[in-house]
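Asks: Take a look and give me a structure for this.
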Amino acid sequence: MPDQSYCDRLRQDMYFLTSNGRLSELLVDKIILQLNRVYPQILTNKEAEKFRNPKTLLHTRLSDLIKHLQNKGDRHCQEFYRALQINAEQVYNDLPSRKIIKTTDSTGIDTDKEQYILNDRGPMFFLACFSVAAGFALFMNCCNSGTKVAGGARKILGFSPIIIGRHVRNICMLYLEDTSRNK
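Replies: Model prediction:
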């Protein structure tokens, strides 16, 4: 699909671009002015006036502009895409033909399907796995007879001001000091 001509891409994107609300009248005027002033060989003054006529509906003007550019050739359609990217980048990025180019992958993996497969378990599964891993680590730390529990816990709590609040950390540190004194 990346070797698709700009005219074919514009034909594919025509419905998306002409649907209500995608491009405002101001954006269409900016695109027409850019095609007329920056690239005068793309649109002449007379053609630009025709496509900027406020008496004609925006949908009709945009459809006529796209058809006109398709009839002129691939270079004209390419310049339309360049003007669209400069003036309405979000619309340009949302074009159906751009999404096909972005998702086309040499590995052949469908990224939308892969994302669904990786995310189908939800946040509770993640929390359960994390809790099991943290519990196992704590269990291994407590059962290891060669380690001082209070000293190791103090080191962990001392370096974790971001993970837990300062007040909670201070309370835990005081508790650990009291338990180490009582031993």
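
Asks: distance of the nearest residue to residue 98 once chain neighbours are set aside from residue 82?
Replies: Counting by C-beta to C-beta, 6 or more residues apart in numbering, residue 98 lies nearest to residue 92, which is 6.8 Å off, once chain neighbours are set aside. The C-beta positions use only the backbone N, C-alpha and C, and glycine is treated the same way. The gap separating residue 92 from residue 82 is 9 Å, by C-beta to C-beta, to the nearest Å.

Asks: rewinding a little: quick one: residues contacting the residue nearest to residue 98.
Replies: Residues in contact with residue 92 (C-beta atoms under 8 Å, 6 or more residues apart in numbering) are 81, 84-85, 98.

Asks: Residue 28 too?
Replies: 51, 58, 61-62, 65.

Asks: what does residue 70 give?
Replies: Neighbour list for residue 70: 7, 10-11, 77 [criterion: C-beta under 8 Å, 6+ apart].

Asks: Can you name the element that comes right after the helix or strand hosting it?
Replies: Element membership of residue 70 [criterion: DSSP states H and E] is helix 58-72. Next in sequence after helix 58-72, counting helices and strands by DSSP H and E, comes helix 74-87.

Asks: List the buried residues of that following helix.
Replies: The neighbour-count check on helix 74-87 (16 or more other C-beta atoms under 10 Å) flags 76-84, 87 as buried.

Asks: Distance-wise, check residue 39 relative to residue 48.
Replies: Taking C-beta to C-beta, one finds residue 39 at 11 Å from residue 48.

Asks: Which one of those two is surrounded by more residues?
Replies: Legend: neighbour count by other C-beta atoms under 10 Å for residue 39 and residue 48, higher for residue 48 (20 against 15).

Asks: That one and residue 31 touch, don't they?
Replies: No: using C-beta atoms under 8 Å, residue 48 is not in contact with residue 31, being 10.4 Å away.
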